[in-house]
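Q: have a look at this prediction, sequence included:
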Amino acid sequence: MWPMRSIPCLLAMWLCAACAPEPDQAPAYLIGIWETRAEGYADQHIFIDQDRIGFGTSAIAANGYRITKIDETREGIKTLFVVSYQDAEQAKYQLAFYYEPSGGGRITFKNQDHLIWIKKTATT
């Protein structure tokens, strides 16, 4: 049986857990597989789903990370995204990229503007 003085502590812990912010989710237009034709990266891809981001050479070999926060800032026709994510060991990372909606969407890393990532179209 719980002592009466433990109940307020348990209620406080429950309230803190209930009020914790939910991780951000990626907007629908970012969800998908992104590829580039840039030399040295042609076999690489980025995948983004609602709450994960990953990098790799195939869906099997991709490393997936849980998205914890997404910041979005408009800069003219581009949108700057800063995606915060973490791995299974809770190590934290960030990826900053510009998104342009033209042509089905393009992603360009903020620190590597020579790499243009295009959303892979579904094949039937």
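A: Looks like it arrived, so ask away. Residues are numbered from 1 along each chain as shown.
Q: residue 48 reaches residue 27, doesn't it?
A: No: with contact defined as Cβ atoms under 8 Å, residue 48 does not count as touching residue 27 (9.4 Å). Just so you know, the C-beta spots here come from the backbone N, C-alpha and C atoms, and that holds for glycine as well.
Q: if you count surrounding residues, which of the two has more?
A: Neighbour comparison, residue 48 and residue 27: the larger count goes to residue 48, with 22 against 14 (by other Cβ atoms under 10 Å).
Q: which residues touch the more buried one?
A: Going by Cβ atoms under 8 Å, 6 or more residues apart in numbering, residue 48 touches 26, 30-32, 34, 54.
Q: swap in 10 Å and give it another go.
A: 26-27, 29-34, 54, 67, 70, 81, 83, 107, 119 (Cβ atoms under 10 Å, 6 or more residues apart in numbering).
Q: and residue 69, by the same measure?
A: 21, 23-24, 82-86, 92, 94.
Q: three-state assignment of it?
A: When classified by DSSP: H, G, I helix; E, B strand; the rest coil, residue 69 comes out as strand.
Q: same question, residue 96
A: Under three-state DSSP, residue 96 comes out as strand.
Q: correct me, but it touches residue 79?
A: No: here residue 96 lies out of contact with residue 79, judged by Cβ atoms under 10 Å, at a distance of 11.4 Å.
Q: mark which of the contacts of residue 69 are buried, thanks.
A: Among the contacts of residue 69, those buried by neighbour count (16 or more other Cβ atoms under 10 Å) are 23-24, 83-85.
Q: which one is residue 92 nearest to, not counting chain neighbours?
A: Closest residue in space to residue 92, ignoring its immediate chain neighbours: residue 86 at 4.9 Å, by Cβ to Cβ, 6 or more residues apart in numbering.
Q: burial count for residue 49?
A: Neighbour tally, residue 49, other Cβ under 10 Å: 15.
Q: residue 65 is in contact with that one, correct?
A: No: using Cβ under 10 Å, residue 49 is not in contact with residue 65; the gap is 11.1 Å.
Q: the more surrounded of residue 96 and residue 79?
A: residue 79 (17 against 12).
Q: doesn't the more buried one belong to a helix?
A: No: assessed with three-state DSSP, residue 79 is strand; it does not lie in a helix.
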